[in-house]
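A.B. asks: Sequence plus predicted model, see below.
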Protein chains: 2
Amino acid sequence: MTRSIVLLSGGIDSTTALAVEASMRKPSEILALTLFYGQKHDREIESAKKVAEYFNVQHMIRDLSEVFSLDKNCSLLKSSTAEIPKSTYQTQIKTTGTPPTYVPFRNGVFLSYAAAIAYSIGAEEIIYGAHSDDAGAAYPDCSLSFFSYMKEAIKYGTGEKVILHAPFIYFKKADIVHVGVEYNAPFHLTWSCYEGKETPCFKCATCIDRLKAFEANGLVDPLLKNAERL
Amino acid sequence: MTRSIVLLSGGIDSTTALAVEASMRKPSEILALTLFYGQKHDREIESAKKVAEYFNVQHMIRDLSEVFSLDKNCSLLKSSTAEIPKSTYQTQIKTTGTPPTYVPFRNGVFLSYAAAIAYSIGAEEIIYGAHSDDAGAAYPDCSLSFFSYMKEAIKYGTGEKVILHAPFIYFKKADIVHVGVEYNAPFHLTWSCYEGKETPCFKCATCIDRLKAFEANGLVDPLLKNAERL
């Protein structure tokens, strides 16, 4: 019997969310849900597979790329030829407002999809790893406002059968790394880089965020250690 | 340039919403969006096509049935063998709470999908024909609460680029028929019956609602007139 659905991208936030959830439930009660949306860095899906296997939970992978393929501006997507910026989210917010890697209402589509599945299989909870750090400030669909209203929309839209949780919504990414270490999250299996090449670029916004989050904990990102060995 | 997306099921509510929208904009500024969700009455999609043609607006049809196919209890879906109840929504609410024809968070998925498309193509508005009559009371994802929170989730999740409107959210279905008549909505092209047979059953909840809504306006449902001629 599935009790909770964890949205699992294969990055460090959702992997930590799964690590915490796995500490509270049997693996058979958890479904990890990975949604492909046409991103260039589809290799994060391979990371999600490894993370789900690590925790021995059910894993569902679905392809939602068709809905996002209409967007030609978002540089994160295969449907766009635009370059992924090599700068921090904060720099991007100052210059362009919403970053060019924003995928239109992606998390709204993801959470609605998860709510439909949760209700269908009788799961009561959806866990979503959004946080309040730079990415949260940059992406409208990672914001506290979006989360708060979406939580209520899912609550009332499912007749109070499904509840959305974002346990890290007030956290910074460094706090998530701290929690992940406490809960033995397998960070060496994760992937964040938007480029999706053999090794992370360490220059895109999400790479920079990730490196800093490990540094703030006095740690070195295991992917940086690996890359330095290559 | 598309300015608004109208969710068009092919029933009388969404057809009226489109009629009103078509009175305010050029046809080229409107996109009618029809989403197949695995419903037994997929013939409503044929009605949606005819209605979109009638107003000469762009029409996008997408298949989202895969997400809802996990549900085996919803009698509205092809994935279920359950019978569609032959009773009013009010009777169903009294006996089973949420009606067995509730499709899990369907409108949440639909509206999120519409928001993603709207942002991608630069449209500012989504129009959704939910109302406050029996169906609104019966289905959690037609409720005022759901709509109000979803509106805010879409507003904040798109960086205030897309606004959701439900012009009939305080209306009863009879009021929608009244407006539809005023705006020359082509009710003869619409379809509502959950059974999806050659003629409407006139016994399922949506058929009953529809007949009553025409009666309250001193009118006869054109589909009933047609059926009586057969």
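C.D. replies: That came through fine.
A.B. asks: Would you map the helices across chain A?
C.D. replies: Here chain A has its helices, by DSSP state H, at A:12-22, A:43-55, A:65-68, A:89-96, A:106-121, A:134-138, A:144-157, A:173-182, A:205-215, A:222-229.
A.B. asks: List of residues touching the shortest one?
C.D. replies: Pointing back at helix A:65-68 there. The contact list for helix A:65-68 (C-beta atoms under 8 Å, 6 or more residues apart in numbering or on different chains) reads A:36-38, A:74, A:77-79, A:103-104, A:106, A:109, B:62, B:113, B:116-117, B:120. No exception for glycine: its C-beta is placed from N, CA and C like everyone else's.
A.B. asks: and with 6 Å instead?
C.D. replies: Contacts to helix A:65-68, defined as C-beta atoms under 6 Å, 6 or more residues apart in numbering or on different chains, come from residues A:36, A:37, A:38, A:103, B:113, B:116.
A.B. asks: got the residues of chain A near chain B?
C.D. replies: Counting by C-beta under 6 Å from any C-beta of the partner chain, the residues of chain A close to chain B are A:67, A:70-71, A:98, A:104-105, A:108-109, A:112-113, A:115-117, A:119-120, A:140-141, A:143, A:145-146, A:149-150, A:152-153, A:156-159.
A.B. asks: ok, of those residues, which come out buried?
C.D. replies: A:67, A:70-71, A:104-105, A:108-109, A:112-113, A:115-117, A:119-120, A:140-141, A:143, A:146, A:149-150, A:152-153, A:156-159 (16 or more other C-beta atoms under 10 Å in any protein chain shown).
A.B. asks: Residue nearest the middle of chain A, spatially speaking?
C.D. replies: residue A:9 (4.5 Å; C-alpha atoms, centre = their mean).
A.B. asks: what about the residue nearest to that one when sequence neighbours are not counted, how many neighbours?
C.D. replies: The shortest distance from residue A:9 to any non-neighbouring residue, by C-beta to C-beta, 6 or more residues apart in numbering or on different chains, is to residue A:44 (5.8 Å). Using other C-beta atoms under 10 Å in any protein chain shown, residue A:44 is surrounded by 23 other residues.
A.B. asks: who touches residue A:44 in this structure?
C.D. replies: A:9, A:10, A:191.
A.B. asks: cool, residue A:147 as well?
C.D. replies: For residue A:147, the contacting residues are A:130, A:166, A:169, by C-beta under 6 Å, 6+ apart.
A.B. asks: Give me the residue ranges of chain A where confidence is low.
C.D. replies: Along chain A, no part satisfies pLDDT under 70.
A.B. asks: Could you rerun that using 80?
C.D. replies: When residues are selected by pLDDT under 80, those of chain A lie in A:96, A:134-137, A:230.
A.B. asks: what residues does stretch A:155-169 touch?
C.D. replies: Counting by C-beta under 6 Å, 6+ apart, A:115, A:118-119, A:125-131, A:144, A:147, A:151, A:154, A:176, B:98, B:105, B:108, B:140-141, B:143, B:145-146 sit against stretch A:155-169.
A.B. asks: So for it, first residue to last residue, what's the gap.
C.D. replies: In stretch A:155-169, first residue to last residue: 18 Å (C-alpha to C-alpha, to the nearest Å).
A.B. asks: in that stretch, what counts as buried?
C.D. replies: The neighbour-count check on stretch A:155-169 (16+ other C-beta under 10 Å) flags A:155-159, A:161-169 as buried.
A.B. asks: now the residue nearest to residue A:208 when sequence neighbours are not counted: how far from chain B?
C.D. replies: Spatially, and ignoring its direct neighbours in sequence, residue A:208 is nearest to residue A:88 (5.3 Å; C-beta to C-beta, 6+ apart). The gap separating residue A:88 from chain B is 19 Å, by C-beta to the nearest C-beta, to the nearest Å.
A.B. asks: Count the residues that sit near residue A:88.
C.D. replies: Neighbourhood size, residue A:88 [other C-beta under 10 Å]: 18.
A.B. asks: Got phi/psi on it?
C.D. replies: The phi/psi pair for residue A:88 (degrees, to the nearest 10) reads phi -70, psi 160.
A.B. asks: so what's the residue nearest to residue A:179 when sequence neighbours are not counted up against?
C.D. replies: Counting by C-beta to C-beta, 6+ apart, residue A:179 lies nearest to residue A:16, which is 5.6 Å off, once chain neighbours are set aside. Residues near residue A:16 by C-beta under 6 Å, 6+ apart: A:176, A:179, A:180, A:185.
A.B. asks: please redo it, this time with the cut-off set to 8 Å
C.D. replies: When contacts are counted by C-beta under 8 Å, 6+ apart, residue A:16 touches A:129, A:168, A:176, A:177, A:179, A:180, A:183, A:185.
A.B. asks: my guess is the fifth one meets residue A:20, correct?
C.D. replies: Yes. Counting by C-beta atoms under 8 Å, a contact exists between residue A:179 and residue A:20, whose distance comes to 6.7 Å.
A.B. asks: neighbour count winner among these two?
C.D. replies: With neighbours defined as other C-beta under 10 Å, residue A:179 and residue A:20 compare such that residue A:20 has more, 19 against 16.
A.B. asks: is it true that that one touches residue A:178?
C.D. replies: No. Using C-beta under 8 Å, residue A:20 is not in contact with residue A:178, being 12.0 Å away.
A.B. asks: returning to what we had before: among the contacts of helix A:65-68, give me the pair with the biggest separation.
C.D. replies: Largest separation among the contacts of helix A:65-68 by C-beta to C-beta: A:36 and B:113, giving 15.7 Å.
A.B. asks: So what's the residue count around residue A:23?
C.D. replies: If you count neighbours by other C-beta under 10 Å, residue A:23 ends up with 11.
A.B. asks: Now it: closest residue in space, sequence neighbours ignored.
C.D. replies: What sits nearest to residue A:23 in space, not counting adjacent residues and going by C-beta to C-beta, 6+ apart, is residue A:183, at 5.7 Å.
A.B. asks: who touches residue A:38 in this structure?
C.D. replies: With C-beta under 8 Å, 6+ apart, residue A:38 has these contacts: A:65, A:68, A:69, A:77, A:78, A:79.
A.B. asks: mind checking how far the residue lying closest to it once chain neighbours are set aside is from residue A:76?
C.D. replies: Distances taken as C-beta to C-beta, 6+ apart place residue A:65 nearest to residue A:38, at 3.5 Å, with adjacent residues excluded. Residue A:65 sits 12 Å away from residue A:76, going by C-beta to C-beta, to the nearest Å.
A.B. asks: From chain B, how far off is the closest residue to residue A:200 other than its chain neighbours?
C.D. replies: Sequence neighbours aside, residue A:193 is the residue nearest to residue A:200 in space, at 3.7 Å (criterion: C-beta to C-beta, 6+ apart). Separation of residue A:193 from chain B (C-beta to the nearest C-beta): 24 Å.
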